[in-house]
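Colleague: Sequence and predicted model, in that order:
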Amino acid sequence: MAERTKIVIENLSKKFGNVEAISSLSATFDACAFTVILGPSGCGKSTLLHVIAGLETASAGKIFFEDREVQNLPARERGCAMVFQDYALYPHMNVEDNIGYALKLAKVPKTERRERIGRVAEVTGLLSVLKRRPSQLSGGQRQRVAIARAIVREPRVLLFDEPFSNLDAQLRHDMRRELAELHQRIGATSVFVTHDQIEAMTMADKILVISNGKIEQFGTPDEVYHAPESTFVAGFIGSPPMNLISGTGDGGAFKLRDGNVLSACGWNGPVVLGIRPELINVERQGSIALKVRYCEKLGSHSIITAELADGQPIRLTTPLGSSAEPGSEMRVNFPAKQLHWFDSESGEVISRRSKGMES
Amino acid sequence: MLALIVMFFYIPVFLAFFWSFFLERPFGGGSEFVGFQNFRRVLSDQEFWRAMWRTLLFMVLAPGTAIGVSLVLALAADRGIRLSQPARNIIIWPKAIAGASIGLVFVFIFNPRLGLFAPLNDLFPGLWNPRIDGTDAYLTLLFAQVWNGIPFNFIILLSGLQTIPDSLTKAAAMDGAGPWRRIIDIQIPLLTPQLFLTFVLEFVGSVVEAFGLIDTMTEGGPGGATTLLVYKIYVDGFKAYDLSGAATQTALLMTAVAIMVALQFRLEKRVKYER
């Protein structure tokens, strides 16, 4: 339905005064793909979206929609549509006029306008409320109006700025599914900004993880989860996120500061070990001793917060039914295949580091 | 509080209506009930109708211009154009000046020989002279009233504009609206409550506050060209000692203003919306 448009970003920078919100960022968002920009608040993800949309001007760098260079065009000439965090519905217009405002500005004749509004309203389940004002709608309905308003123009690029952050958990879940289905149907190149990793993991074709205006990792949800490229990604994705334990590689063993050996290690010098909480095995004869600090029972599983021998915190999830008393000791094993190794200074994953470092 | 309002507002209003049915002796000493005789006398007076017409014209022109200018200034300040920060402060200062002082200043500014238009008068003698020409005097009065109203309207409209969420303007920009379309389709409709407030206040002010200006600037002249109804009531009542006539005109003026404000409120109900 929509034209195939891939988005290419080249060395994009955005400064607010002296503060650099985005620094020399390059990425390609595939045509018709659903790309999620994920990062903590203040990392520059919304700024990036606004620069793509044309609501903010880039300080440097280029943006292409397919072959067209757009970074100097005003928002209305770029052919994107956007769904805002607070919906941004026009309070003085009814639902029909809200959805049709863009068409009216584009001078689409009235009969065609009606027809297109009707079609979009049907898809988004808004037919019965077309004559209502936004203030008379529920949160979910307002969200749908915002989405309907964005897709009615059949945009080449659809941008979402944390659209679900004002919804309650159940509604958020439903909207995620609806939006995923809608994306299948429309096929516009979509960029979705969120700080919610569940949204990112469930909806994305590819996730762009950014922090401090720089790319940490750009990959599929599987890659981001199973092969984090930096300690930032490892510590951000997952609930609870990956454990990051600093220690030293010495003679083929990974040692804590107090000399306790946690596992084998192929590197020498300071290094960070990463392991997912759900992949730690609790075993009576485990080689690693932990002191339990706290246990959260969540029903389907429990999350245990514990301390390593040198006092570093570690979290592990245990299956249904098992729990531990605070203050007690437990023994665990780290499966050798599930370990990730990161550079202790740059935070980058070590397998990318030059082989010369290996012993 | 309530007692004060009753004492200083409701009782005088009531008394004005009460006295309009009596013939009051100018130097005291009793009054006489005359029914609608005062009204008949006032309504058949050509001078009353002329003053009424001037007042109505003033009630349309002064608020319209004052709000129009303030709106343009507020929109400019809201868009954050260059120098809008210092301008914001400077525009507010005139609010602290009393009507009589403004009048005095404008008498100088519009003085045909010393003022702003003096060079113009050198080129075209007799082009501008508010002391002789009734239209010039009326314009001077209008200008002073508008100038007086801008600071307050500006503050109200600017604060109104700033409560409009940024994302609405951005959404309109994404929908393809340029700056002008955004002003007309989004900002002004959402500014309706503030526009309404300033309009009602300006409207009433153009009847009431104009008195100070007229008294210092023109004293109703030349030839009655700036005698608005408030000023005529003052002259009739306190200079000519026609107390009953003044009370009657007060009652009529109050009724006219009340009707118009009521109409405005009716109108406001139609354009009301929830955010």
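Modeller: Nice, thanks for sending it over.

Colleague: Make sure residue A:250 is actually in contact with residue A:266.
Modeller: No: assessed by CB atoms under 8 Å, residue A:250 is found out of contact with residue A:266, at 11.8 Å. No exception for glycine: its C-beta is placed from N, CA and C like everyone else's.

Colleague: quick one: low-confidence parts of the chain?
Modeller: This is for chain A. A:1-3, A:320-321, A:351-359 (pLDDT under 70).

Colleague: Chain B is the one I meant
Modeller: Looking at chain B by pLDDT under 70, you get B:26, B:28-29, B:81, B:99, B:270-275.

Colleague: residues in contact with the residue of the stretch 201-350 of chain A found nearest chain B?
Modeller: Residue of the stretch 201-350 of chain A nearest chain B, by CB to the nearest CB: residue A:213 (20.9 Å). Going by CB atoms under 8 Å, 6 or more residues apart in numbering or on different chains, residue A:213 touches A:14, A:20, A:21, A:22, A:23, A:25, A:43, A:44, A:47.

Colleague: between the residues you listed, which is closest to residue A:284?
Modeller: Nearest to residue A:284 out of the contacts of residue A:213 is residue A:43 (CB to CB; 42.8 Å).

Colleague: shouldn't that closest one be in contact with residue A:211?
Modeller: Yes: applying CB under 8 Å, one finds residue A:43 in contact with residue A:211, separated by 4.8 Å.

Colleague: tell me the centre residue of chain B?
Modeller: Central residue of chain B (CA atoms, centre = their mean): residue B:206, 1.6 Å from the mean position.

Colleague: give me the element that residue is part of.
Modeller: helix B:192-208 (DSSP states H and E).

Colleague: burial measure for residue 122, as a count.
Modeller: In the absence of a named chain, chain A is used. By the criterion of other CB atoms under 10 Å in any protein chain shown, residue A:122 has 11 neighbours.

Colleague: try chain B instead
Modeller: By other CB under 10 Å, the residues close to residue B:122 number 10.

Colleague: any idea whether it is helix, strand or coil?
Modeller: Look at residue B:122: counting by DSSP: H, G, I helix; E, B strand; the rest coil, its state is helix.

Colleague: Tell me the spacing between it and chain A.
Modeller: Using CB to the nearest CB, to the nearest Å, residue B:122 is found at 49 Å from chain A.

Colleague: Repeat that for residue B:162.
Modeller: Taking CB to the nearest CB, one finds residue B:162 at 16 Å from chain A.

Colleague: Checking my notes, that residue in a helix, right?
Modeller: Yes: assessed with three-state DSSP, residue B:162 lies in a helix.

Colleague: Excluding chain neighbours, what is closest to the residue nearest the centre of chain A?
Modeller: In chain A, the residue lying closest to the centroid (CA atoms, centre = their mean) is residue A:38, at 2.8 Å. Among residues not flanking residue A:38 along the chain, residue A:200 sits closest, at 4.4 Å (CB to CB, 6 or more residues apart in numbering or on different chains).

Colleague: was I right about that neighbour contacting residue A:219?
Modeller: No: using CB under 8 Å, residue A:200 makes no contact with residue A:219, being 11.4 Å away.

Colleague: higher neighbour count, the two?
Modeller: residue A:200 (24 against 18).

Colleague: which residues does the more buried one contact?
Modeller: Per CB under 8 Å, 6+ apart, neighbours of residue A:200: A:36, A:38, A:192, A:194, A:207, A:221.

Colleague: I'd like the residues you listed written out as a markdown table, with secondary structure added.
Modeller: Shown next, in a markdown table, are these (three-state DSSP):
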| residue | secondary structure |
| --- | --- |
| A:36 | strand |
| A:38 | strand |
| A:192 | strand |
| A:194 | strand |
| A:207 | strand |
| A:221 | helix |
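
Colleague: picking up where we left off before, backbone dihedrals for the residue of the stretch 201-350 of chain A closest to chain B, please?
Modeller: Backbone torsions for residue A:213, taken as degrees, to the nearest 10, come to phi 80, psi 10.

Colleague: ok, now the one 5 residues further on?
Modeller: The phi/psi pair for residue A:218 (degrees, to the nearest 10) reads phi -130, psi 110.

Colleague: Report the beta-bridge partner residues of the nearest residue to it once chain neighbours are set aside.
Modeller: Of all residues not flanking residue A:218 in the chain, residue A:208 sits nearest, at 4.8 Å (CB to CB, 6+ apart). Bridge pairing for residue A:208 (DSSP bridges) gives the partners residue A:37, residue A:218.
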